[in-house]
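Asker: need a structure here:
(one chain, ligands or ions: 1)
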Amino acid sequence: MKKSVSFLKVAGIGIYVHWTFSLLIIYIIYINARAGLDPVQISWAVFFVLALFLCVILHELGHALTAKRFGIKTEDITMYPIGGVARLERIPEKPVQELLVTIAGPLVNVLIVAILIPFIYGFDLLVPIGAESSIISPENFILNLAILNLWLALFNLIPAFPMDGGRILRALLAMRISRLKATTVAANIGKLLSLGFIVAGFFYNPFLIFIGVFIILGAQSELESVRNKELASGLTASDAMMSKWTELESYKPLSEAVSMLLQSESKSFLISENGTYVGTLNRDGIIKALRDKGEHISIGEVCNRDLSYADAKTPLEELFTRFRDNRIPLVLVVDAGTTIGVVDTENIAELMLVKQARLEQKNA
Ligand SMILES: [Zn+2]
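Answerer: Alright, predicted model coming up:
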């Protein structure tokens, strides 16, 4: 992952720290120094933030390792100043699995609290929490860590989809109603709660505004992906493909591609060399090449040489993931060894719109 430093690998999952995390540490040092704290006190504050982030990593590992039990890989875990993100290869669709994978995160924080409590009582660390407690010291370190872990668990359990609590809600709903309906309800509750976050952010902590916006965007994008998945079910590559496409020869100059883009309806082109396809080029690729290399460069030098083929019967869902993961402009649809059509993301989007309209017509 870009601009992140890998520092650990647990059960095959790389754990990364985003570079902006260093800004948080600098900020902690700065505000504490400004408040007149001495270097030892500042070190304790930094140490505390690091301990807290270790707890967040453990929370994410709770999700990742539970997902692993269900055969779901985690691409990586990245720590940002606002928290950690475990990028699961996919969200389990079985409600029970989603429930367990999700609840494992906050449970880790509860477990950490349970482990810290004997220390607090055993070493008599239950110091009174007052104004002084904002200065981290060896005496209040463990107590503060326990309190923040409890907060982490409770905060994550707020049912604002796609936060952990919202996912738990979706999973519980999906046990009774369809996944799409469950997601719609959870996403709407999430959006409503995030408005609360945003309003609260103006009065208390601007950080909440950020969380609120993040929830709204996350809820919307997850809802769309579930909806698309539902719409795509039963459809194949051949349903979405265009059986007519435009070819460009690789030795021709980019200016040819530019005029083709302007003249024709096509936004994506197949590039051929001596009668065989060698690459693809779409509108974004043409514009970028035009800006970087000028119109005299040959098409063959700037086209995307990763050709992606799909059988006509390939489920549309699989194409979704392929476009998302590989950032390819076009997929060639083949049947019995010959290319019978091409698909790009625009075709798929159109097909989804058509299917949605048909469904709405039926329900009307
Ligand atoms: Zn979580």
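Asker: Quick check: the residue in the stretch 251-364 of the chain that the ion sits nearest to vs Lys68, distance?
Answerer: Proximity to the ion, evaluated over the stretch 251-364 of the chain using Cβ to the ion, is greatest for Arg324 at 22.4 Å. In this view, the C-beta of every residue, glycine as well, is placed from N, C-alpha and C. Distance of Arg324 to Lys68, computed by Cβ to Cβ, to the nearest Å: 22 Å.
Asker: More neighbours: these two, which one.
Answerer: Shown here are Arg324 and Lys68; by other Cβ atoms under 10 Å, Lys68 has more neighbours (17 against 10).
Asker: right, and the more buried one touches Thr74 too?
Answerer: Yes: under the criterion of Cβ atoms under 8 Å, Lys68 is in contact with Thr74, at a separation of 7.1 Å.
Asker: The strand or helix carrying Ile112 vs the ion: in contact?
Answerer: Assigned by DSSP states H and E, Ile112 belongs to helix 95-122. Yes: using Cβ under 5 Å from the ion, helix 95-122 reaches the ion at Gly105.
Asker: Tell me the gap between that helix and the middle of its chain.
Answerer: Centroid displacement of helix 95-122 relative to its chain, using Cα atoms, centre = their mean, to the nearest Å, is 24 Å.
Asker: Kindly report the same for stretch 249-264.
Answerer: The answer for stretch 249-264 is 36 Å, by Cα atoms, centre = their mean.
Asker: what's the closest non-adjacent residue to Ile211?
Answerer: Sequence neighbours aside, Phe197 is the residue nearest to Ile211 in space, at 5.3 Å (criterion: Cβ to Cβ, 6 or more residues apart in numbering).
Asker: mind pulling up the phi and psi values for the one you found?
Answerer: For Phe197, the backbone dihedrals (degrees, to the nearest 10) come out as phi -60, psi -50.
Asker: That one - how many residues pack around it?
Answerer: 21.
Asker: Could you tell me how far it is located from the ion?
Answerer: Separation of Phe197 from the ion (Cβ to the ion, to the nearest Å): 17 Å.
Asker: pLDDT at that residue, what is it?
Answerer: On pLDDT, Phe197 comes in at 86.
Asker: now do Leu126
Answerer: On pLDDT, Leu126 comes in at 63.
Asker: who touches the residue in the stretch 101-250 of the chain positioned nearest to the ion in this structure?
Answerer: Among all residues of the stretch 101-250 of the chain, Gly105 sits closest to the ion, at 3.1 Å; criterion: Cβ to the ion. Gly105 makes contacts with His59, Glu60, Gly62, His63, Asn156, Asp164, as judged by Cβ atoms under 8 Å, 6 or more residues apart in numbering.
Asker: Kindly indicate which of the residues you listed lies nearest Leu99.
Answerer: Checking those against Leu99 by Cβ to Cβ gives Asp164 as the nearest, at 10.6 Å.
Asker: Helix, strand or coil: sort out Gly234 for me.
Answerer: Secondary structure state of Gly234, per DSSP: H, G, I helix; E, B strand; the rest coil, is coil.
Asker: Val17 too?
Answerer: Val17 ends up strand, using three-state DSSP.
Asker: Need the nearest residue in space to it, chain neighbours excluded.
Answerer: Among residues not flanking Val17 along the chain, Met79 sits closest, at 4.8 Å (Cβ to Cβ, 6+ apart).
Asker: Show me what the one you found bridges to in the sheet.
Answerer: For Met79, the beta-bridge partners are Val17, Gly84 (DSSP bridges).
Asker: Show residues contacting stretch 165-172.
Answerer: Under the criterion Cβ under 8 Å, 6+ apart, residues 91, 95-96, 98-99, 102-103, 156-161, 179, 182-183, 185-187, 189-190, 215, 219 lie in contact with stretch 165-172.
Asker: returning to what we had before: tell me how far the residue of the stretch 251-364 of the chain closest to the ion lies from Ser266.
Answerer: Distance, Arg324 to Ser266, using Cβ to Cβ: 22 Å.
Asker: can you tell me the helix or strand for Ser278?
Answerer: For the record, residue 278 is Val, not Ser. Here Val278, judged by DSSP H and E, is contained in strand 276-282.
Asker: could you give the mean pLDDT of that strand?
Answerer: Mean pLDDT, strand 276-282: 87.
Asker: quick one, the helix or strand containing Leu154 and helix 95-122 angle?
Answerer: Assessed by DSSP H and E, Leu154 sits inside helix 141-156. Using axes from the mean of the first three to the mean of the last three Cα atoms, to 10 degrees, one finds that helix 141-156 and helix 95-122 are set 160 degrees apart in direction.
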